[in-house]
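Colleague: Next come a sequence and a model predicted from it.
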Amino acid sequence: MAKSTIIAIAGASASGKSLFASTVYQELVAELGGERIAVLAEDAYYRDQAHLSFEQRTLTNYDHPAAFEHELLASHLQQLKAGNSVSMPQYCYKTHTRKAETITVHPAKVVLVEGILLLTDDKLRQQFNITVFMDTPLDVCLLRRIKRDMEDRGRSLGSITEQYENYVRPAFFEFINPSKQYADLVVTRGGKNEIAIDIIKTKIRQLLQE
Ligand SMILES: Nc1ncnc2c1ncn2[C@@H]1O[C@H](COP(=O)(O)OP(=O)(O)O)[C@@H](O)[C@H]1O
Ligand SMILES: Nc1ccn([C@@H]2O[C@H](COP(=O)(O)O)[C@@H](O)[C@H]2O)c(=O)n1
């Protein structure tokens, strides 16, 4: 396989990273077919916590780089670039650990990867060819996170606000926002910014023709 291009999409929790990545992916798959584009999520690389009790897992700081197995993600990106398939873990936000099953990701000409702390890690940054930062106001992110976490991740309003004050907001200022400096493209207005989606799609079409 010809050299892969890795496109990283970073930004705050609920800033629209997954929506942006999945919109680009789905629209291009509808147009070109899926075998030359792959999508990975940094969240899939949260450390396995099967050895901890549920109570212990609720105490983890999921917004700190130490919560992620970034070495495994970096090695998977390297494997994909080398033309090998990888077994991407699957993560469950309700149990706070990995599922038993993995997903096989095949090598692709373009690999999209999205996650909060991608641009904070030097080894990961070395793998990225194009970097995008979703610059959505934090109050907008919080409102979207509350709705999503209550509807999809089985959380109470109390647990969301406590986690937000203790971990999510501090990590945004300590790690996520400073990593914006590493972005090639800063996207405002979230995962539905059609011009930004179009720019990335145009770049990917160009890469697929090379
Ligand atoms: N521009 C937007 N307008 C309205 N809702 C949005 C927009 N961008 C994202 N959302 C919604 O906000 C929530 C969080 O978006 P998501 O893409 O999952 O964020 P992230 O992956 O950054 O955590 C989702 O329910 C998504 O549909
Ligand atoms: N068990 C977990 C694991 C992660 N989180 C939160 O998820 C956020 C990152 O995912 P996004 O889709 O929002 O980018 C991060 O801010 C963690 O706080 C969690 O709540 N529980």
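Modeller: Good, I have the coordinates. Ligands and ions are numbered 1, 2, ... in the order given.

Colleague: now the residue nearest to I146 when sequence neighbours are not counted: how far from Y46?
Modeller: Excluding the flanking residues, the one nearest I146 by C-beta to C-beta, 6 or more residues apart in numbering is I160, at 5.5 Å. All C-beta spots, glycine's among them, are computed from the backbone N, C-alpha and C. Computed with C-beta to C-beta, to the nearest Å, the distance linking I160 and Y46 is 18 Å.

Colleague: Check T95 too.
Modeller: Taking C-beta to C-beta as the measure, T95 falls 11 Å from Y46.

Colleague: related to what we said a few turns ago, please report the average pLDDT across the helix or strand containing the residue nearest to I146, rounded to a whole number.
Modeller: Element membership for I160 (DSSP states H and E) is helix 157-163. When pLDDT is averaged along helix 157-163, the result is 97.

Colleague: is ligand 2 contacted by the very next helix or strand once past that helix?
Modeller: The helix or strand immediately downstream of helix 157-163 is helix 169-171, counting by DSSP H and E. No - contact between helix 169-171 and ligand 2 is absent, the nearest approach being 7.2 Å (criterion: C-beta under 6 Å from any ligand atom).

Colleague: outside of the helix or strand following helix 169-171, which residues touch it?
Modeller: On the C-terminal side of helix 169-171, the nearest following helix or strand under DSSP H and E is strand 185-187. Contact with strand 185-187 is made by 11, 16, 20, 130-135, 180, 193, 196, 199-200, as judged by C-beta atoms under 8 Å, 6 or more residues apart in numbering.

Colleague: try stretch 82-102
Modeller: Counting by C-beta under 8 Å, 6+ apart, the neighbours of stretch 82-102 from elsewhere in the structure are 1, 40-41, 43-46, 48-50, 52, 54, 57-58, 60, 62, 72, 76, 79-80, 103-107, 152-154.

Colleague: Pull up the distance across it, start to finish.
Modeller: The first and final residues of stretch 82-102 sit 20 Å from each other (C-alpha to C-alpha, to the nearest Å).

Colleague: in that stretch, what counts as buried?
Modeller: Of the residues in stretch 82-102, those buried under the neighbour-count criterion (16 or more other C-beta atoms under 10 Å) are V86, M88, P89, Y91, H96, T97, R98.

Colleague: right, and the helix or strand after the helix or strand harbouring the second one?
Modeller: In this structure, M88 sits in strand 86-92 according to DSSP H and E. Proceeding N to C from strand 86-92, the next assigned helix or strand is strand 97-105, under DSSP H and E.
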